[in-house]
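Asks: Fold the following.
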Amino acid sequence: MNEVILLENRAYWMQRAPSYSEVNREELTTKQRKVWKQVLTERISTHFSGRTPDQVHVLEIGTGPGFFAILLAKAGYRITAIDLTPSMLDEARRNAGELCDCIDFREMNAQALDFDDGTFDVILSRNVTWNLPEPEKAYAEWVRVLKPGGLLMNFDANWYVYLYDDVARIAWQKDREISMEEELEDYNVGDNFDHMEEIARQLPLTHSKRPAWDIETLMKLGMSVQADPRIWERVWSHQEKVNFSSTPMFLVCGEKPDACFASDEYRRIMHERADSVDARALIAEE
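Replies: Model (predicted):
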């Protein structure tokens, strides 16, 4: 079943690649480019103080049309960017232009990474985990390829929760009405949108409580974790805020322990802590 969902996802995003790439190209020409670049580089440079960008190797998972990869390549970071969808990678290479040679684009499954353990300093993702049939397996892979002391940053949201939650459905419908009233493009309508809803109904995170689920899962993998549920206020454009008011973006940050602490005993303690702690206590309120 998971393989079927994965193939359906791949086919859907193959078809969506051109229109999705248009959104990314617009981001690259507006103030969102500067906003996102500042958010990403601030966190990376703070975590790796004393290192220059070229000394930090970043893996972007689910690069799509390449927005994050392009921003960080321009900032001087070493970038590897993967995506399951060949047409998305074609768009990413086209969007990267002269930076294409600075980014190692690869076709790869986010749940089965073809990299050695401890390869990357940073793992970066946006709007990917919600779309995975086996998100726990994906997180385990991401942690595996992260170096000890490395940083994981995952930007995501409770996408399609309205399919299972009546209150969320009402709020989601209100977003559609306000988008129309303000004469804004509605990102939640269009060709094959019903198809994506059908796929979303089969995905485990559609009806999970997030980012609490992410915090618990990463802690069980031995990560030190914190989340920012208000990152959307900083990174989203006005149009995104109107479109997705009922589904705010969050950021989950995880740090992999240094090798000396990454023992079986450490993992056991973190696993027990994740079982007992209220994940909401680890969500930073700003």
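
Asks: In the stretch 151-286 of the chain, where is pLDDT below threshold?
Replies: 189-191, 259-286 (pLDDT under 70).

Asks: quick one, what contacts Phe244?
Replies: Phe244 makes contact with 157, 175, 187, 232, 236, according to CB atoms under 8 Å, 6 or more residues apart in numbering. Bear in mind the C-beta positions are built from the backbone N, C-alpha and C, glycine included.

Asks: from those, which is closest to Asp166?
Replies: Asp175 (15.3 Å; CB to CB).

Asks: Just the buried positions in the helix or strand hosting that closest one, please.
Replies: Asp175 belongs to helix 166-181 when assigned by DSSP states H and E. Within helix 166-181, the residues that qualify as buried are 168, 172, 175, 179, counting by 16 or more other CB atoms under 10 Å.

Asks: and the helix or strand that that helix is followed by, which residues are buried?
Replies: Per DSSP H and E, helix 166-181 leads on to helix 193-201 as the next helix or strand towards the C-terminus. By neighbour count on 16+ other CB under 10 Å, the buried set for helix 193-201 is 196, 199-200.

Asks: by contact count, what packs against helix 193-201?
Replies: helix 2-29 (3 or more CB pairs under 8 Å, 6 or more residues apart in numbering; DSSP states H and E).

Asks: got the angle between whichever helix or strand comes after the helix it packs on and helix 2-29?
Replies: The helix or strand immediately downstream of helix 2-29 is helix 31-47, counting by DSSP H and E. For helix 31-47 against helix 2-29, the angle by axes from the mean of the first three to the mean of the last three CA atoms, to 10 degrees is 110 degrees.

Asks: and helix 31-47, what other elements does it pack with?
Replies: helix 67-74, strand 120-126, strand 146-156, helix 232-235.

Asks: who's in contact with it?
Replies: In contact with helix 31-47 (CB under 8 Å, 6+ apart) are residues 27, 53, 56, 58, 67-68, 71-72, 74-75, 77, 122, 124, 151, 153, 231, 234-235, 237, 253, 255.

Asks: Mean neighbour count and distance to Lys37 added to the helices and strands packed on helix 31-47, as CSV?
Replies: Output for the helices and strands packed on helix 31-47, formatted as CSV (neighbours: other CB atoms under 10 Å; distance: least, CB to CB, whole Å):
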stretch, mean neighbour count, distance to Lys37
helix 67-74, 24, 5
strand 120-126, 24, 13
strand 146-156, 21, 14
helix 232-235, 16, 10
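
Asks: could those be laid out in CSV, adding distance to Met88?
Replies: What follows is the helices and strands packed on helix 31-47, written out as CSV (distance: least, CB to CB, whole Å):
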stretch, distance to Met88
helix 67-74, 11
strand 120-126, 13
strand 146-156, 17
helix 232-235, 21
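
Asks: Find the residue at the geometric middle of the chain.
Replies: Arg126 (2.4 Å; CA atoms, centre = their mean).

Asks: Now that one: closest residue in space that isn't a chain neighbour?
Replies: Phe155 (4.3 Å; CB to CB, 6 or more residues apart in numbering).

Asks: what do you get for Asp165?
Replies: The nearest residue in space to Asp165 (CB to CB, 6+ apart) is His207, at 7.7 Å.

Asks: Leu152 now?
Replies: Per CB to CB, 6+ apart, closest to Leu152 is Gly254, 4.1 Å.

Asks: Met223 is in contact with the one you found, correct?
Replies: Yes - using CB atoms under 8 Å, Gly254 is in contact with Met223, at 3.8 Å.

Asks: Quick check: which of the helices and strands packed on helix 31-47 is nearest to Ala138?
Replies: Checking the helices and strands packed on helix 31-47 against Ala138 by CB to CB gives strand 120-126 as the closest, at 9.0 Å.

Asks: What strands line up against the closest one, and which way round?
Replies: Strand pairing for strand 120-126, determined by DSSP bridges: strand 57-61 (parallel), strand 146-156 (parallel).

Asks: could you redo these as TSV and give each row distance to Asn192?
Replies: Output for those, formatted as TSV (distance: least, CB to CB, whole Å):
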stretch	distance to Asn192
strand 57-61	23
strand 146-156	21
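
Asks: Mind putting the buried residues of helix 193-201 into JSON lines with distance to Asn95?
Replies: What follows is these, written out as JSON lines (distance: CB to CB, whole Å):
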{"residue": "Met196", "distance to Asn95": "22"}
{"residue": "Ile199", "distance to Asn95": "25"}
{"residue": "Ala200", "distance to Asn95": "26"}
